[in-house]
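Q: Sequence below, structure please.
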Amino acid sequence: MRASLRQHILRVCDEKIARKGDDVGVSFYAFFKNKNDNPALLMEAATWWIETHQLDHFVNAAKIKEMVMRGD
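A: Prediction:
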């Protein structure tokens, strides 16, 4: 996954955790606007989420943040 996407995911997870607490869940759609203006980036995130890690639709934001920080 490209570095810019990793940084964006970390930012979004931090924002969600700050607003809603440590138990907040996210899906890979949380990292994108409501319109599909960058399908290649969306597919990159979806591939990481679904194919590489076989994650459920909603996953704890802190877990996602930890995975991204480890470089998974």
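
Q: alpha carbons only for contacts and neighbour counts from here, please
A: Fine.

Q: Under the pLDDT cut-off, which ranges of the protein? List them.
A: When residues are selected by pLDDT under 70, none of them lie in the chain.

Q: cutoff 90 now
A: The model of the chain has pLDDT under 90 over residues 1, 28, 33-38, 72.

Q: for it, what's the longest helix?
A: For the chain, the longest helix by residue count, based on DSSP state H, is helix 3-20.

Q: just checking, what packs against the next helix or strand after it?
A: Next in sequence after helix 3-20, counting helices and strands by DSSP states H and E, comes strand 25-26. The contact analysis (3 or more CA pairs under 8 Å, 6 or more residues apart in numbering; DSSP states H and E) places strand 25-26 against strand 59-60.

Q: what's next to the strand it packs on, contact-wise?
A: Here strand 59-60 makes contact (CA atoms under 8 Å, 6 or more residues apart in numbering) with 22-27.

Q: before we move on, back to that, can you give me the buried ones in the longest helix of the chain?
A: Residues of helix 3-20 classed as buried by neighbour count (16 or more other CA atoms under 10 Å): 5, 9-10, 12-14, 16-17.

Q: So which of those residues is the closest to Leu42?
A: Set against Leu42, the nearest of the buried residues of helix 3-20 by CA to CA is Leu5 (9.7 Å).
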